[in-house]
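In: Fold the following, please.
(2 chains)
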Protein chains: 2
Amino acid sequence: MSDYAPTARTTLHRRPARAAYDRDTVHAILDEALVCHLGFAVDGQPFVLPTTFAREGERLVVHGAAAGRLMRHLAGGAPACLTVTLLDGLVLARTAFHHSMNYRSVVVLGTAREIVDRTEKRAAVAAIVDKVSPGRSQRARPPNDKEIDATAVLSLPIAEVSAKIRSGPPLDGPEDAAIPVWAGVLPLALAAGRLEPDGPGGLGFEEPERPAGLLHLATR
Amino acid sequence: MSDYAPTARTTLHRRPARAAYDRDTVHAILDEALVCHLGFAVDGQPFVLPTTFAREGERLVVHGAAAGRLMRHLAGGAPACLTVTLLDGLVLARTAFHHSMNYRSVVVLGTAREIVDRTEKRAAVAAIVDKVSPGRSQRARPPNDKEIDATAVLSLPIAEVSAKIRSGPPLDGPEDAAIPVWAGVLPLALAAGRLEPDGPGGLGFEEPERPAGLLHLATR
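Out: Model prediction:
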């Protein structure tokens, strides 16, 4: 697949070797992340709010209450920044300076547009539901007209975008190799616990699919 | 402990029952989160970047490369927004509309200042190291002058701040109670895997402390 074209705003100046622009990498990070942090600015003041989202091909869709500040502001065509971060581990070096984290992040810059067509909105809402539990949009009751009208859905093109990835062990210099402290990586991943059914109504039905990105680590 | 005073910008209009302003709640969320998303705006374009941070009393400290865009921009006194989000579960409702997530988030608005005093910087860096592994700043080699000068450290007061929390089961209406689909919560938490030592140098030393916020869930 082709790469996304870096722009002046998405070119990493710090540690450019950690940058990635290929579609597969960007898509995989976006598809694994369950939450994004969406930024917008009002009179120079940035606001960063967490929300759910899904990828539909080369665009991202986010939804929220139609009456909410986030949706009203971004639907008006304000510049946006959507960032996702997957935390993969704590990098524990021999020196304070070389402590780090292993992570995969994506930053998407652009201008959102509001999806107003009900059919298109329903498809976007289904994509968001299916992201957290694949196939679920076919089993839960779909939104009725009142519900879909109370929901604002925005789309943001995946065009001006960069990924940034750190992996691997700490990078202490050779002069620090003999410092007598444990060094290495503590891997981290989002893990699922046991399903908590909502009363007796939850019993007797097929368990929901888990999202694809959840790892099931051997815990301590 | 006293509450933080809500301002026009931190008063939740959507679902105000989910808002919290008490110090204990805000501090606990900030202390558990390993990553924050830091927002700043340049000519109306927001940028949202993930970074590590720590709390020192009533301020947050973040660090980064002194030459980096984030640090240079915020050190100049630009308005900032620091947001943390802890994802606690997927709320799987009987209706698409009532799908949700359980989470605890904090949004801090304010203006950062750069910490230039080396002693103050060293304390802030130690707080960040100790956050990911308690006590570690006493065992790893502290930053030398060159390293501390290459690191920019910013502080942001915890003053204009709100927390937002959702917990509990899905909230479908009684008219949807009979929809034949599993409903409830899939709990999520950041979990640690097995330590990965950095070569033989990692062996023979005491294992590092894990950060306080990591849960060790029973995985599927």
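In: how far out from the middle of the chain is stretch A:28-48?
Out: When C-alpha coordinates are averaged (C-alpha atoms, centre = their mean, to the nearest Å), stretch A:28-48 and its chain have centres 9 Å apart.
In: swap that for stretch A:111-124, sorry
Out: Here the centre of stretch A:111-124 is set off from its chain's centre by 19 Å, with C-alpha atoms, centre = their mean.
In: That one: which residues count as buried?
Out: Neighbour counts using 16 or more other C-beta atoms under 10 Å in any protein chain shown place A:112, A:114, A:115, A:121, A:122, A:124 of stretch A:111-124 among the buried residues. All C-beta atoms are positioned from the backbone trio N, CA, C, and that covers glycine.
In: Just name the shakiest helix or strand of chain A by mean pLDDT.
Out: Lowest on mean pLDDT, DSSP states H and E among the helices and strands of chain A sits helix A:69-75, with a mean of 83.
In: With just CA atoms, put it into CSV.
Out: Output in CSV follows, covering the C-alpha atoms of helix A:69-75 (Å, rounded to 0.1, in the frame of the first residue of the first chain):
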residue,chain,number,x,y,z
ARG,A,69,-19.6,21.6,22.9
LEU,A,70,-17.2,19.3,21.1
MET,A,71,-19.5,18.3,18.4
ARG,A,72,-20.9,21.8,17.9
HIS,A,73,-17.5,23.3,17.7
LEU,A,74,-15.9,20.8,15.3
ALA,A,75,-19.0,20.5,13.1
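In: circling back: so which two of the buried residues of stretch A:111-124 are the farthest from each other?
Out: Using C-beta to C-beta, the buried residues of stretch A:111-124 span at most 18.5 Å, a distance reached by A:112 and A:122.
In: that older thread, looking at the buried residues of stretch A:111-124, which one is closest to chain B?
Out: Set against chain B, the nearest of the buried residues of stretch A:111-124 by C-beta to the nearest C-beta is residue A:122 (8.7 Å).
In: Following element in sequence after the longest helix seen in chain A, please.
Out: Counting by DSSP state H, the longest helix found in chain A is helix A:118-132. Per DSSP states H and E, helix A:118-132 leads on to helix A:145-150 as the next helix or strand towards the C-terminus.
In: Please state the offset of the longest strand seen in chain A from the chain centre?
Out: Secondary structure of chain A per DSSP state E: the longest strand is strand A:79-92. Taking C-alpha atoms, centre = their mean, one finds strand A:79-92 lying 8 Å from the centre of the chain it belongs to.
In: hmm, stretch A:5-17 touching chain B?
Out: Yes. Legend: contact between stretch A:5-17 and chain B by C-beta under 8 Å from any C-beta of the partner chain is shown at A:9, A:13, A:14.
In: min pLDDT across those residues, which one?
Out: Across the residues of stretch A:5-17 next to chain B, the smallest pLDDT goes to residue A:14, namely 80.
In: Might you report the residue contacts of that residue?
Out: Residue A:14 makes contacts with B:65, B:67, B:68, B:69, as judged by C-beta atoms under 8 Å, 6 or more residues apart in numbering or on different chains.
In: check those residues against chain A, which are close?
Out: Applying C-beta under 8 Å from any C-beta to the contacts of residue A:14, those adjacent to chain A are B:65, B:67, B:68, B:69.
In: out of the residues you listed, which are buried?
Out: Among the ones next to chain A among the contacts of residue A:14, those buried by neighbour count (16+ other C-beta under 10 Å) are B:68, B:69.
In: now the longest strand of chain A against strand B:79-92, angle please.
Out: Angle, strand A:79-92 to strand B:79-92, by axes from the mean of the first three to the mean of the last three C-alpha atoms, to 10 degrees: 80 degrees.
In: Lovely, talk soon.
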